[in-house]
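In: Sequence first, predicted model second:
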Amino acid sequence: MKPLLQFFSQIGSPFFINIYPFLAYMSDPEHINLNYALFEPNPGIHDPKTKLHYDNMFDAQVDASYAALQDAGFKHMEVIVSETGWASHGDENEAVATPQHARTYNFNLRKRLALKKGTPFRPHIMVRAYVFALFNENLKPGATSERNFGLFKPDGSISYDIGFPGIKSSSAPPAFTHLKAEYASSGLLFLVLHGVGCLFHGGAPNFDTMI
């Protein structure tokens, strides 16, 4: 990957990475605290190498990326989370894919990013992240969870409420009307051009890309 990272460095590009505590927890539920994955209160994890303490898996995964970039010689490259989210429904072996857990994850992610702070390893670089996804993808193949990461269902009704006043509508047209009005004042949510993600951060929203 070094030639690619060198190109990113030359043009000043950040490094984008998909981060899913949901998938990490699903892969090893016996050794991962569910609250650690959901930003809920938990004892946390101490990194013996860096001597840093992590109270959520999201920050730990971001910092794993920063550590890898530093080892590769790109200490100053910014990491942006291009996808993160939690499934609201799943198969029998995906018991943690529930609306309550999905709401908890994205609601707590919203609160964490609204702090406009960095990670333990990079405290001065504000974390930015795109939530996957805006809509459930009802025709997507694979496990049931793959079709249920959206804040909205295919008919435009909400999958669960994460605390934004605009996400309360039961049909698509009024939902988007509220999205534009409410998020313009909140400054916390971007809808992206491809229509399957949104960005929580502390900057001013730009709805020119909303479709």
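Out: Sure, I can see it.

In: which stretches of the protein form strands?
Out: Remark: strands assigned in the chain by DSSP state E are 15-18, 45-46, 53-54, 79-84, 129-132, 189-191, 197-200.

In: Show me how far the fifth one is from its chain's centre.
Out: Okay, so that is strand 129-132. Distance of strand 129-132 from the chain centroid (CA atoms, centre = their mean, to the nearest Å) equals 4 Å.

In: Let me know the average pLDDT across that strand.
Out: The predicted model assigns strand 129-132 a mean pLDDT of 96.

In: Ok, which of the strands of the chain comes nearest residue 103?
Out: Ranking the strands of the chain by proximity to residue 103 (CB to CB) places strand 129-132 first, at 12.2 Å. Just so you know, the C-beta spots here come from the backbone N, C-alpha and C atoms, and that holds for glycine as well.

In: could you say what helices and strands that closest one packs with?
Out: Contacting strand 129-132 under the criterion 3 or more CB pairs under 8 Å, 6 or more residues apart in numbering; DSSP states H and E are the following elements: strand 79-84, helix 99-114, strand 197-200.

In: per-residue confidence at the spatially most central residue of the chain?
Out: Geometric centre of the chain, nearest residue: residue 84, 3.0 Å, by CA atoms, centre = their mean. On pLDDT, residue 84 comes in at 98.

In: So what sits opposite it in the bridge?
Out: residue 131 (DSSP bridges).

In: Tell me the spacing between the residue lying closest to residue 45 once chain neighbours are set aside and residue 39.
Out: Residue nearest to residue 45 in three dimensions, not counting chain neighbours: residue 54, with 5.0 Å by CB to CB, 6 or more residues apart in numbering. Residue 54 sits 11 Å away from residue 39, going by CB to CB, to the nearest Å.

In: now residue 64
Out: Note on residue 64: its distance to residue 39, by CB to CB, is 17 Å.

In: between the two, which one's more packed in?
Out: residue 39 (22 against 16; other CB atoms under 10 Å).

In: The closest residue to that one other than its chain neighbours: neighbour count?
Out: Leaving aside its chain neighbours, residue 39 sits nearest to residue 108 (3.4 Å; criterion: CB to CB, 6+ apart). Residue 108 has 17 neighbouring residues, counting by other CB under 10 Å.

In: dump the residue contacts of residue 108.
Out: By CB atoms under 8 Å, 6 or more residues apart in numbering, the contact set of residue 108 is 38, 39, 40.

In: what's the closest of the residues you listed to residue 148?
Out: residue 38 (16.6 Å).

In: isn't residue 26 right up against residue 96?
Out: Yes. Assessed by CB atoms under 8 Å, residue 26 is found in contact with residue 96 at 7.0 Å.

In: list residues touching both of the two?
Out: Counting by CB under 8 Å, 6+ apart, no residue touches both residue 26 and residue 96.

In: The helices and strands packed on strand 129-132 into CSV, with extra columns for distance to residue 19?
Out: Formatted as CSV, the helices and strands packed on strand 129-132 follow (distance: least, CB to CB, whole Å):
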stretch, distance to residue 19
strand 79-84, 5
helix 99-114, 10
strand 197-200, 13
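
In: Good, we can wrap up now.
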